[in-house]
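Colleague: how would this look folded up:
(chains A and B)
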Number of protein chains: 2
Amino acid sequence: MTPRQFIGIDWGTSSMRAYLFADDGRVLDSREAGWGVMNLPVAPGSDPGDRESRFARAFWELLGDWLGQPGTCRRVMACGMVGSNQGWREAGYIGVPVALMDIAGSLTEVDAGQGVTLAITPGLLQQGALPDAIRGEETQIAGVPALLAQKGTDMQGCWLLGLPGTHSKWAAVQAGRILRFDTFLTGELYSLLVQHSILGRTMGDTVLAPDSDESRQSFMLGVRNATTDIGRKGLLGTIFSSRTLSLTGRLTGPEQREYLSGLLVGYELQGLLASLQDEWRTARIALVGRPGLCLRYHEALQELGHSADVLSEDAGIHGLWSLIQHAAARTAPTGRH
Amino acid sequence: MTPRQFIGIDWGTSSMRAYLFADDGRVLDSREAGWGVMNLPVAPGSDPGDRESRFARAFWELLGDWLGQPGTCRRVMACGMVGSNQGWREAGYIGVPVALMDIAGSLTEVDAGQGVTLAITPGLLQQGALPDAIRGEETQIAGVPALLAQKGTDMQGCWLLGLPGTHSKWAAVQAGRILRFDTFLTGELYSLLVQHSILGRTMGDTVLAPDSDESRQSFMLGVRNATTDIGRKGLLGTIFSSRTLSLTGRLTGPEQREYLSGLLVGYELQGLLASLQDEWRTARIALVGRPGLCLRYHEALQELGHSADVLSEDAGIHGLWSLIQHAAARTAPTGRH
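Modeller: Presented below is the predicted three-dimensional model:
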């Protein structure tokens, strides 16, 4: 019997990453291309404005041979900006609270040609006075239970999942459901300040080794200044200190960069913890993302009296596999995958 | 007898503004040129790297005829970035607390040629865990007592002086002394977010009339979101709402701009008020700066239960005159100006 294979795509703004899964979830192969939603290929002689055909071209270029193999499922799962209003098809949003497995029940299907269907995951939308939205990270969150299981940890009770990055996301998960989430623009603001603000001008070009004492100490000074009493002035009233601590000879140029990062991460975590309802103050915390960045968040959380599980950044792969399984179960009521 | 005249210069990063004062402080004439510290003129055939001669050229081009008039004091007062390490001469910093009139006792003198001396005001430096620095605004602050006196207000008791702008400055002034000050990067962060961040992308190019209902209401929504309970997530955790309130149809593109401004101003004022010591919570507040911006800060302060005197933006002129008077009194111990 031909082994069955499944394809999942993490299709974002700047790139697409595809995974070929075996029937048991093992990743048989993976591929990456720079064909993000904002950077699609154009076929020679074709109209660059025909986005539909550009998406199709990227899809078949990257996945054609996998789909040509016997046994490969003709239904491909995709998450990320491919489902935004700039994507192949707008996949909409579903509201929270939502069960992780129900994300697989709200897929938007695109006919990719040659009998292949692309099933795009929805984003998550949280209504309220301060609405919030996620697109792509919901799939990473869906992969966390499997990652925790690998470490022998059962995802019981209240969990806060942190996905640090350009837009840090924090999700409150309980009993397989995302109850709420929050977006912090920490990484984007850090980049803006370093690249375009007066604070960046005295930082120089040297970047400290992340594991150096200077790097860690400068970062932690920022965390403490944000989260102790003197931080009450708030972010707007303290970030100038990254320059004045240089003016007064207490930070070198490269140390200013780490200090500013610590200030921002400190304010993110303080804001997160200050906005939690009581029962969530003792929630377990897990971090998913680039290892170096997760380590910094972990150190900052420790300073605030919290511990965290640092998971690998493969949550998106586990999430895709998890959604593929749930979607297959839904479309095959006999239980056959 | 020839009337005496005095010259004061506000010499900043992008421009220089000069004032010719009569003996009684009236402004007889004023001039402006684009020759800021970062944009000095070069004489034909001379070395652009010779900054000394470029400063002198700007100085004499703008002020030569005033200085040629009989009775014009040969000692010219200047404040601003002309005293920074990028300026004509580094004028250093003096510490706080400092009496306003003592700023005139720490001038740095430059020989401008032809028997003319340029006296540059020092910046102010505040030591501490979060050091802070001012250069130029100390002169505006020095002009506030005169501005208040024009309104019939005596500057008794505790005053908080707000100078909103790219870098908002707040100074605590009591009995003619600056006790402390704080810098908030509100204006710079606003510009960065509008110009370079994801938040700017959905704002469009239209700018609402400042006195329109949409503008004011959007701004106040931002202020309230920052300063009420839901704002506890902090700036990093709430600014994404400028985009999501658009996504959910509650703000138009142009309204997002005003909302973001309100959020930032709200966090600035909340941080300021949260960091005040008890005796300063009932301080009187005065705002100095562009009328439209001061009006917004005034409205935001009212929302937080505070009132403020909005002063004209001429504080710098009054400050220059005040420092010229104090300096003249110091150099003329007989009391003759």
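Colleague: so who does the residue nearest the centre of chain A touch?
Modeller: Nearest residue to the geometric centre of chain A (Cα atoms, centre = their mean): A:Glu137, 4.3 Å. With contact set as Cβ atoms under 8 Å, 6 or more residues apart in numbering or on different chains, A:Glu137 has these partners: A:Leu163, A:Lys169, A:Ala171. The C-beta positions use only the backbone N, C-alpha and C, and glycine is treated the same way.
Colleague: Excluding sequence neighbours, find me the nearest residue to the first one.
Modeller: What that stands for is A:Leu163. Nearest non-adjacent residue to A:Leu163, counting by Cβ to Cβ, 6 or more residues apart in numbering or on different chains: A:Lys169, 4.5 Å away.
Colleague: Shouldn't that neighbour be within a strand?
Modeller: Yes: checked against DSSP: H, G, I helix; E, B strand; the rest coil, A:Lys169 lies within a strand.
Colleague: How much space separates it from A:Leu185?
Modeller: Noted for A:Lys169: a distance of 11 Å to A:Leu185, by Cβ to Cβ, to the nearest Å.
Colleague: go on, A:Phe6?
Modeller: 35 Å.
Colleague: what's the answer for A:Gly64, then?
Modeller: Look at A:Gly64 and A:Leu185: by Cβ to Cβ, they are 38 Å apart.
Colleague: ok so, going back, so what pairs up with the residue nearest to A:Leu163 in the strands?
Modeller: A:Leu163, A:Thr183 (DSSP bridges).
Colleague: which residues does it contact?
Modeller: By Cβ under 8 Å, 6+ apart, the neighbours of A:Lys169 are A:Ile134, A:Glu137, A:Gly162, A:Leu163, A:Phe181, A:Asp182, A:Thr183, A:Phe184.
Colleague: Kindly recompute the last result at 6 Å.
Modeller: A:Lys169 sits next to A:Glu137, A:Leu163, A:Phe181, A:Thr183 when contact means Cβ atoms under 6 Å, 6 or more residues apart in numbering or on different chains.
Colleague: and the contacts of A:Glu137 as JSON lines, adding pLDDT and distance to A:Gly115?
Modeller: Shown next, in JSON lines, are the contacts of A:Glu137 (pLDDT from 0 to 100; distance: Cβ to Cβ, whole Å):
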{"residue": "A:Leu163", "pLDDT": "97", "distance to A:Gly115": "35"}
{"residue": "A:Lys169", "pLDDT": "97", "distance to A:Gly115": "36"}
{"residue": "A:Ala171", "pLDDT": "98", "distance to A:Gly115": "36"}
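Colleague: of those residues, closest to A:Leu189?
Modeller: Closest approach between the contacts of A:Glu137 and A:Leu189, by Cβ to Cβ: A:Lys169, at 14.9 Å.
Colleague: how about the helices of the stretch 51-200 of chain A, start to end?
Modeller: Shown for the stretch 51-200 of chain A, the helices assigned by DSSP state H, counting those that start in this stretch span residues A:51-68, A:137-150, A:186-196.
Colleague: I'd like to know which of these is closest to A:Leu287.
Modeller: helix A:137-150 (10.2 Å).
Colleague: Report the rounded mean pLDDT for that closest one.
Modeller: The pLDDT scores in helix A:137-150 average 95.
Colleague: CA atoms of that helix as PDB?
Modeller: Provided in PDB are the C-alpha atoms of helix A:137-150 (Å, rounded to 0.1, in the frame of the first residue of the first chain):
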ATOM      1  CA  GLU A 137       0.300  32.500  15.300                       C
ATOM      2  CA  GLU A 138      -2.900  30.600  15.900                       C
ATOM      3  CA  THR A 139      -1.200  27.600  14.200                       C
ATOM      4  CA  GLN A 140       1.900  27.900  16.300                       C
ATOM      5  CA  ILE A 141      -0.400  27.900  19.400                       C
ATOM      6  CA  ALA A 142      -2.100  24.800  18.100                       C
ATOM      7  CA  GLY A 143       1.300  23.100  18.000                       C
ATOM      8  CA  VAL A 144       2.200  23.800  21.600                       C
ATOM      9  CA  PRO A 145       0.300  20.800  23.200                       C
ATOM     10  CA  ALA A 146       2.300  18.400  21.000                       C
ATOM     11  CA  LEU A 147       5.600  20.200  21.900                       C
ATOM     12  CA  LEU A 148       4.800  20.000  25.600                       C
ATOM     13  CA  ALA A 149       3.900  16.400  25.300                       C
ATOM     14  CA  GLN A 150       7.300  15.700  23.800                       C
END
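Colleague: Can you classify A:Leu323 by secondary structure?
Modeller: A:Leu323 - assigned by three-state DSSP - is helix.
Colleague: Tell me the pLDDT of the nearest residue to it once chain neighbours are set aside.
Modeller: Spatial nearest neighbour of A:Leu323, excluding adjacent residues (Cβ to Cβ, 6+ apart): A:Ala104 at 4.5 Å. Predicted confidence (pLDDT) for A:Ala104: 94.
Colleague: Quick check: the gap between A:Ala104 and chain B.
Modeller: From A:Ala104 across to chain B, the span is 23 Å (Cβ to the nearest Cβ, to the nearest Å).
Colleague: got a list of what that residue touches?
Modeller: A:Ala104 touches A:Leu323, A:His326, A:Ala327, counting by Cβ under 6 Å, 6+ apart.
Colleague: got TSV for those residues, with neighbour count and pLDDT too?
Modeller: Converted to TSV, those look like this (neighbours: other Cβ atoms under 10 Å in any protein chain shown; pLDDT from 0 to 100):
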residue	neighbour count	pLDDT
A:Leu323	26	96
A:His326	19	93
A:Ala327	20	92
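Colleague: Out of those, which is nearest to chain B?
Modeller: A:Leu323 (23.4 Å; Cβ to the nearest Cβ).
Colleague: how far away is that closest one from A:Arg330?
Modeller: 10 Å.
Colleague: Nearest to chain B: which residue in the stretch 1-150 of chain A?
Modeller: Of all residues in the stretch 1-150 of chain A, the one sitting closest to chain B is A:Pro131 (4.0 Å; Cβ to the nearest Cβ).
Colleague: One more: the stretch 101-250 of chain A?
Modeller: Relative to chain B, the nearest point of the stretch 101-250 of chain A is A:Gly234 (3.0 Å; Cβ to the nearest Cβ).
Colleague: And stretch A:185-196, what's buried?
Modeller: Buried residues in stretch A:185-196, counting neighbours by 16 or more other Cβ atoms under 10 Å in any protein chain shown, are found at A:Leu185, A:Thr186, A:Gly187, A:Glu188, A:Leu189, A:Tyr190, A:Leu192, A:Leu193, A:Val194, A:His196.
Colleague: cool, stretch A:286-299 as well?
Modeller: A:Ala286, A:Leu287, A:Val288, A:Gly289, A:Leu293, A:Cys294, A:Arg296, A:Tyr297, A:His298, A:Glu299.
Colleague: I'd like the residues you listed laid out as a markdown table, including distance to chain B and pLDDT.
Modeller: What follows is the buried residues of stretch A:286-299, written out as a markdown table (distance: Cβ to the nearest Cβ, whole Å; pLDDT from 0 to 100):
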| residue | distance to chain B | pLDDT |
| --- | --- | --- |
| A:Ala286 | 19 | 97 |
| A:Leu287 | 17 | 97 |
| A:Val288 | 18 | 96 |
| A:Gly289 | 16 | 93 |
| A:Leu293 | 15 | 95 |
| A:Cys294 | 18 | 96 |
| A:Arg296 | 15 | 97 |
| A:Tyr297 | 13 | 98 |
| A:His298 | 18 | 97 |
| A:Glu299 | 18 | 97 |
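Colleague: so of these, which ones are in helices?
Modeller: If you go by DSSP state H, these have A:Leu293, A:Cys294, A:Arg296, A:Tyr297, A:His298, A:Glu299 in helices.
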